[in-house]
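S.K.: next one to model:
(4 chains)
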There are 4 protein chains.
Amino acid sequence: MSMRGVLRIGEVRIRVMDMAAAREHYGARMGLHEVMEDDKGLVYYKPWDDHEHHSFILREADAPGVDYVAFRVYDDATLSQLAPRIEAFGLPVTHIEAGVYPRSGRRIQFVAPSGHVMQLYAEKELTGNTLGYRNPGAIPYEGVVRGYRVNRLDHVLLGGPNIDECARLFCEVFDFDLSEKIVEAESEMSLGVFLTCSTKPHDIAFQLQAEPNRFHHVSFLLESVGDLYKAADLIGKYRIPVEVPPNRHGVTRGATIYFFDPSGNRNEVFAEGYVHYPDTPTLIWDTNDLGHLGFTHDNHMRQSFFDVLT
Amino acid sequence: MSMRGVLRIGEVRIRVMDMAAAREHYGARMGLHEVMEDDKGLVYYKPWDDHEHHSFILREADAPGVDYVAFRVYDDATLSQLAPRIEAFGLPVTHIEAGVYPRSGRRIQFVAPSGHVMQLYAEKELTGNTLGYRNPGAIPYEGVVRGYRVNRLDHVLLGGPNIDECARLFCEVFDFDLSEKIVEAESEMSLGVFLTCSTKPHDIAFQLQAEPNRFHHVSFLLESVGDLYKAADLIGKYRIPVEVPPNRHGVTRGATIYFFDPSGNRNEVFAEGYVHYPDTPTLIWDTNDLGHLGFTHDNHMRQSFFDVLT
Amino acid sequence: MSMRGVLRIGEVRIRVMDMAAAREHYGARMGLHEVMEDDKGLVYYKPWDDHEHHSFILREADAPGVDYVAFRVYDDATLSQLAPRIEAFGLPVTHIEAGVYPRSGRRIQFVAPSGHVMQLYAEKELTGNTLGYRNPGAIPYEGVVRGYRVNRLDHVLLGGPNIDECARLFCEVFDFDLSEKIVEAESEMSLGVFLTCSTKPHDIAFQLQAEPNRFHHVSFLLESVGDLYKAADLIGKYRIPVEVPPNRHGVTRGATIYFFDPSGNRNEVFAEGYVHYPDTPTLIWDTNDLGHLGFTHDNHMRQSFFDVLT
Amino acid sequence: MSMRGVLRIGEVRIRVMDMAAAREHYGARMGLHEVMEDDKGLVYYKPWDDHEHHSFILREADAPGVDYVAFRVYDDATLSQLAPRIEAFGLPVTHIEAGVYPRSGRRIQFVAPSGHVMQLYAEKELTGNTLGYRNPGAIPYEGVVRGYRVNRLDHVLLGGPNIDECARLFCEVFDFDLSEKIVEAESEMSLGVFLTCSTKPHDIAFQLQAEPNRFHHVSFLLESVGDLYKAADLIGKYRIPVEVPPNRHGVTRGATIYFFDPSGNRNEVFAEGYVHYPDTPTLIWDTNDLGHLGFTHDNHMRQSFFDVLT
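M.R.: Below is the predicted model:
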């Protein structure tokens, strides 16, 4: 009980078309820590305050998009319990041995109703956040927190069909809560579902798209709006393509910037947002208030937010 | 799984010696919302972003201190499961019928090894945060967030003996995690234990004290360090007794201010702090680094922090 | 020497088409303090930290725009010295007796080469900022700083022809410095000139427009980016038309929001920006970098910024 | 007129007892830019956003303290006008040829009534802030703003006798304004005078001390309270002796941290504070409100603030 079962998104692997450009973007500029390049050329990153060995992976490919999202679960027993529950939901499960993914224990894999490959794992090497675990102090030495001052991997938004089925999967099988939902005003058809397994407003979200397995964005957590503004200053200085400069979401209440990596994958940096608990009713937004649910500072939804995915 | 079991501290009741002065302090100045006075003269408050009817209660009495801490659990089935687990741990459980506590369902009550009365409940009237649950928007109208701009009740620190037993109770029975621990450097004796059932650094903490049932402080969550500074400006303007003006904890990494209500109960306002997960090892601090674990900005522990409790 | 001569823009009077709507906008929402309505129906405002009786005035009229901009000078002797200097520059000067403008001493008036009516005055009733001048404390009581938490009237941007002549007027006659200039990249023709008589990046600026006497915006100073974000939250909640949500100017380095009053007059709230001194060379921006000089967070100049004036 | 005459403190030279330790403190940790070491071993620094070649100088010596404070004036004509005014005030003036101080034009020097050596100069090499003067952009590349993120040299507080005479000197000869004054409550004797030649709350201040030529602190400007908190985090991590962690002054309204360099010289980092104009009456504080005028967050004056100078 309490924080058990599925803990968080522990790993996202995306595709980039030019690894050198991607390293410039995610490493030199954003300030993620590159921790490893494996023998297949995959490059492994972590924001400084993620404790596992890595949480974000780049693979060079012909097209951008997401390869898979992997959830860290509490322990191996949780993995064993979840596998049959996923199958009972109707989704085939693949078992992957320990070591196939570097520094990681065994994994189970399935394809969500939205077409996305998802994994669960209970073990990955713990390398810490540079502070250690005895008299750690509050902050790392200067230079560890760098670039856009990202603290942690936060969440992903994925595009695909069957998003109500995705919500049902996460709620019924993984005990997530549906924190927010966007619906078409007249039909009440779901256009977006936001799911949390923590006190964050969301750990994963799905946007309705006709085509399966689409990638909307990966989001990184910053400490404050002050840091978000400093990130915006740097993003602008680097002339990075920006979809939405500093604004605030209605959904999640988070302060946000959206921008694109050199391959066209959307990134977000994110701060604030409310504290969610499972006894809070789902917040429902409808398309009558589309501007405000998206971006409350100018009440203006960007069409690209629905059209541009990788 | 995920966020289930015990969710959070849903209610703290403390004793004040002068209700009018306390109302000035918690209502007019701090900006908590007074939602009810009952027929026994108890006064009920909530920070604006707590969704339940109330979360903080004042009772006029001859001496300050804490009456009880009540935890909100996921559902009634959780209550039924926890009662025998508490008894198996060796603590007698009292059952309290719905309605004895206003707007609340049934409760179970026990006394922690530290001597504090604790309760669990699964139902309390939900009144929301003024935004509603359909197209809520991101922020309330001006004046709803007021005074020190407290968002939520966050945590309590209690003083008493047997704090390792308290930690074992919360970890074994309630599935909390021990996020941090302060130990005497040579003996490794526990001086403070910090326990979380969420991604917060702590939901409850215990400080070693010879005398049972002591109250150290109740803490309220602010949105940012900017808001913390504004709160400090107001606290100073009102000439409220301040133990520690703006600083940062080593433990929890939180930005903090400590001050006292007119009856001598310690309050904290709190912002930032890291994101905790159950797979993060417990952070251990020892008394060789007492200044830094307490207050990293000047590395100076205040003796009153150990001596002044109510 | 030091801060002498022209001190600041002490007063801006603009036209609104619906006084009730304007009061809602500037008073109830923005939080300016209404200090007086005169017998002609003019409504007088001040941000809380302006010390003079008023600094911003609304006049109901058939069309929006600016009536005049009035500069506070150091003393009456300064007024006497400046009148012949203005005339020597080639601009006729009108003398206005004390009391014609309420709470104000005598004024001198001229029309700038851009077509704008400008005044100078040395005396206006000083009413202070609520803190007093003996043991004032640092901040006023809660509620004095309200709405978008505007501290002071900051600057205006005016549109018209002959902006190099305006720059020459302010530099030669009033000892302002040309802090920044925007030029057409090939012709080096001036498109914008930014002039300061203080350590602020600008006190007044002119944008090249074919038509004289155009009003671009009046800007109000906030204390921090944190306050700017809170202002953006409120502006968005009120569904006020926003031209540019939180961003940062290249020119002036200021954090900014642009929005419109109900009559279509543009407002800005503004924070940060560099500290200017007269020995800093003029910063020159050209149209090759139009996006960045305007809005560095997304490097995107808004066309309305040149087309929409009142 | 406007910003003319004396512009600012352009240079402060202090004594340190261990240059290596001082370099660690001011360079590696605080993040000032070391721009030169001269052939006598003096080390020259500047915060990134000061445009002149240097603004802060260290000299190794047997005892800490201040060597001199040098003011930048508008132009050479100003220098020529000020020399006789200083002499008319009764202070002998020494003329120093161009080149005696590196990168600097001629200087005039005098000793203030408080016993401090002061200089005026009109020319020093301008090296800029890394951004250039054509299409400069808003912020420098990452790493230029570093350490405690100091933007500029801001002001000094000096200790000595005859502080009313110092105030008269600066007001009558240099056209500064007396922005604030601290007086003994019964006698109205001046204990502190705060003087400004800009819109800052003070450019220089004097604290009454029996012994002449004492150094209280040099202060550096930060951009925001958010940056001040980050500076406090680093200062605490480095275990630098801190006199006052983050707080807010009553006098000047500035957010502040006081700490000491390895030789015992006091430093301040500073943010916010009000905008001063010459027509604002002098703020008077008396010793009845000593805690609040010093540090409003806890209303507690530190005795060391009067006793510890170098």
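S.K.: give the contact list for the nearest residue to residue A:63 once chain neighbours are set aside.
M.R.: Excluding the flanking residues, the one nearest residue A:63 by CB to CB, 6 or more residues apart in numbering or on different chains is residue A:15, at 6.4 Å. All C-beta spots, glycine's among them, are computed from the backbone N, C-alpha and C. Applying CB atoms under 8 Å, 6 or more residues apart in numbering or on different chains to residue A:15 gives the contacts A:58-61, A:63-67, A:263, A:265, A:310.
S.K.: residue of the stretch 101-250 of chain A closest to chain D, please.
M.R.: Of all residues in the stretch 101-250 of chain A, residue A:226 sits closest to chain D, at 3.5 Å by CB to the nearest CB.
S.K.: low-confidence ranges, chain A, go.
M.R.: Scanning chain A for pLDDT under 70 picks out A:1-2.
S.K.: picking up where we left off before, pull the contacting residues for the residue of the stretch 101-250 of chain A closest to chain D.
M.R.: Contacts of residue A:226 (CB under 8 Å, 6+ apart): B:224-226, C:225-226, D:224, D:226-227.
S.K.: residue A:162 too?
M.R.: Counting by CB under 8 Å, 6+ apart, residue A:162 touches A:113-114.
S.K.: surely residue A:221 is in contact with residue A:198?
M.R.: No: judged on CB atoms under 8 Å, residue A:221 makes no contact with residue A:198 at a distance of 11.7 Å.
S.K.: how about the residues of the stretch 151-300 of chain A by chain B?
M.R.: Contact residues, the stretch 151-300 of chain A versus chain B (CB under 8 Å from any CB of the partner chain): A:151-152, A:174-177, A:196-200, A:221, A:223-226, A:248-250, A:253, A:272, A:274-275, A:277-286, A:288-289, A:292-293, A:296.
S.K.: out of those residues, list just those in helices.
M.R.: Of these, the ones assigned to helices by DSSP state H are A:225-226, A:292-293.
S.K.: tell me how far the residue of the stretch 51-200 of chain A found nearest chain B lies from residue B:177.
M.R.: Closest to chain B within the stretch 51-200 of chain A is residue A:197: 3.7 Å, counting by CB to the nearest CB. Applying CB to CB, to the nearest Å, the value for residue A:197 to residue B:177 is 15 Å.
S.K.: looking at those two, which is more packed in?
M.R.: residue A:197 (29 against 24; other CB atoms under 10 Å in any protein chain shown).
S.K.: how about the more buried one, what does it touch?
M.R.: When contacts are counted by CB under 8 Å, 6+ apart, residue A:197 touches A:5-8, A:170, A:174-177, A:203, B:2-3.
S.K.: next: residue A:156.
M.R.: A:9, A:12, A:66, A:69, A:204-205, A:215-219.
S.K.: same question for residue A:92.
M.R.: Neighbouring residues of residue A:92 by CB under 8 Å, 6+ apart: A:110-111.
S.K.: for it, what are phi and psi?
M.R.: Backbone dihedrals for residue A:92, given as degrees, to the nearest 10, come out at phi -60, psi 140.
S.K.: show me the domain layout of chain A.
M.R.: Domain assignment for chain A by automatic domain parsing gives A:6-121, A:152-307.
S.K.: let me have those domains in TSV, extended by distance to residue C:47.
M.R.: Output for the domains of chain A, formatted as TSV (distance: least, CB to CB, whole Å):
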stretch	distance to residue C:47
domain A:6-121	38
domain A:152-307	22
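S.K.: now, of the ones you listed, which is deepest in the fold?
M.R.: Ranked by mean neighbour count under mean count of other CB atoms under 10 Å in any protein chain shown, the domains of chain A are led by domain A:152-307, which reaches a mean of 21.
S.K.: up against chain D, what does the stretch 1-150 of chain A have?
M.R.: Residues of the stretch 1-150 of chain A lying near chain D (CB under 8 Å from any CB): A:137-139, A:141-142, A:146-147.
S.K.: farthest pair in these?
M.R.: Among the residues of the stretch 1-150 of chain A next to chain D, the pair separated by the greatest distance (CB to CB) is A:137 and A:147, at 21.3 Å.
S.K.: out of the contacts of residue A:15, the closest to chain D would be?
M.R.: For these, the nearest to chain D is residue A:58 (21.3 Å; CB to the nearest CB).
S.K.: fine by me, thanks again.
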